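Participant: structure of the sequence below:
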Amino acid sequence: QVQLVESGGGLVQAGGSLRLSCATSGRTFSSYCMGWFRQAPGKEREFVADISRSGSSVRYAASVKGRFTISRDNAKNTVYLQLNSLKPEDTAVYYCNAINIYSLQYWGQGTQVTVSS
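Facilitator: Numbers count the residues shown, from 1 in each chain. Below you'll find the model as predicted:
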């Protein structure tokens, strides 16, 4: 069982920045690909970014590429999402996701990001 706990959300003005963190339990963090998803009110949950087990490979949704940066620290069992140049349309609950090679996956409880115009 892996537990994911997100933090770092909040209210920020357009153009501002936030750094989200997702701390995980267990000793198998490095065996999981980690990702961030988000869900805005009335919309489906959507992919934001993910990072490979070693951190050598990352992917981003087109809507955030160049503004968001995903990273991980396997020694701290934590994955991060740096959000820069935030826009009102980035407002959503951001969820951390962990998935291993057996497709076993876990979700965090989410952290709210609100961007005011």
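
Participant: how much space separates the most centrally placed residue in the chain from Val113?
Facilitator: Nearest to the centroid of the C-alpha atoms of the chain, with distances taken as C-alpha atoms, centre = their mean, sits Trp36, at 2.9 Å. Distance of Trp36 to Val113, computed by C-beta to C-beta, to the nearest Å: 11 Å. (Glycine included, C-beta is placed from N, CA and C.)

Participant: which neighbours do those two share?
Facilitator: Residues touching both Trp36 and Val113 by C-beta atoms under 8 Å, 6 or more residues apart in numbering: Leu20, Tyr94.

Participant: all strands for this protein, in order.
Facilitator: Applying DSSP state E to the chain gives strands spanning 4-7, 10-13, 18-24, 33-39, 46-51, 58-60, 68-73, 78-83, 92-99, 105-107, 111-116.

Participant: picking that back up, who does the residue nearest to the centre of the chain bridge with?
Facilitator: Using DSSP bridges, the beta-bridge partners of Trp36 come out as Ala49, Cys96.
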